[in-house]
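[1] Starting from these lines, generate the structure:
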Amino acid sequence: MASLTAVSHSSCFVSETQLKPRPARVFFSPGRGTSFLKRGSFRVARRIANMPLKKAAAVVVAATTAEKPKKRYPGEAKGFVEEMRFVAMKLHTRDQAKEGEKEVKEPQERSVVKWEPSVDGYLKFLVDSKLVYDTLEKIVEDSAYPFYAEFRNTGLERSEKLAKDLEWFKEQGYNIPEPSSPGVTYAHHLKELSETDPQAFICHFYNVYFAHSAGGRMIGKKVAEKILDNKELEFYKWDGELPQLLQNVRDKLNKVAESWTREEKDHCLEETEKSFKYSGDILRLVLS
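    Down below sits the predicted model:
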């Protein structure tokens, strides 16, 4: 009986002293210098050292396994339209935009002041452009995807304006050509995308309308100076304040893109280069 009592006391002694949780030890690296202390890490470490072992361990694990900051895409903080704008600007040449990074390879990629346009070539450009705008307007009117309807009657539509311009040329005695291969090809591509790949289609929608409101206007002005006695075509006029019209569409695009996954957004951005290629093929007609 005496031996059992001894064992019992011995067990109690171990449980109360040897098994008592010890304060967590925190080791500091001399190489981290005083900047480590300035950031307040010393105070944090001291608090951890005074915690029970189990709680201190949990704090350290939580700190070391914290999720890494989410990657931010250029322009993402301002909305998806800014992401599209960022990608598009990089595909300009330095002659076309200060943010441009592309080397000049095609005649239409040079500064517009160096162009030598012709009326016949400009008419081809206007006819093919009208086909593209006709197609875009019909797509949003038919709305294969419900959100296309958001982009009806935005005030950016150009088909009616181009029809008036072509009528004016006809009155001046010019023959209006039929749409050529660049316009027909692009219109077909837009129609196909609108039915099967809505994110890619939105990329083209954005670039066609917004590019015309910026660089397109400058091109129109310079071409008019050279071959049209400075006549301003209806193609370059909008009913209402253009900045506000653009902002309204920008808001709609951002709203639509909110429901897209990151993969869908990236897919949209990847279509930008194709958009530039198709539009460039049509723009080249001005110099033909």
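[2] quick one, helices of the stretch 151-288 of the chain?
    For the stretch 151-288 of the chain, the helices defined by DSSP state H, counting those that start in this stretch occupy 159-171, 181-196, 198-211, 217-227, 242-257, 262-270, 272-283.
[3] give me every residue that touches residue 127.
    Counting by C-beta atoms under 8 Å, 6 or more residues apart in numbering, residue 127 touches 166, 176, 177, 178, 179, 180, 183. Quick note: C-beta positions are derived from backbone N, CA and C, even for glycine.
[4] Compute the distance between it and residue 166, please.
    Plainly put, residue 127 is 7 Å away from residue 166 if you go by C-beta to C-beta, to the nearest Å.
[5] What of residue 221?
    From residue 221 to residue 166 the distance is 19 Å (C-beta to C-beta).
[6] Show me which of the two is the more surrounded one.
    A direct count of neighbours by other C-beta atoms under 10 Å for residue 221 and residue 166 places residue 166 higher, at 20 against 14.
[7] tell me the contacts of the nearest residue to that one once chain neighbours are set aside?
    The shortest distance from residue 166 to any non-neighbouring residue, by C-beta to C-beta, 6 or more residues apart in numbering, is to residue 176 (5.4 Å). If you count contacts by C-beta under 8 Å, 6+ apart, residue 176 has them with 123, 127, 166, 169, 170.
[8] at 10 Å instead, please
    The contact partners of residue 176, taken as C-beta atoms under 10 Å, 6 or more residues apart in numbering, are 123, 124, 126, 127, 130, 166, 167, 169, 170.
[9] Residue 255: which of those is nearest?
    Nearest to residue 255 among the contacts of residue 176: residue 130, at 29.0 Å, using C-beta to C-beta.
[10] count of neighbours near residue 165?
    Neighbours around residue 165, by other C-beta under 10 Å: 20.
[11] surely it meets residue 224?
    No - taking contacts as C-beta atoms under 10 Å, residue 165 lies outside contact range of residue 224: 11.1 Å.
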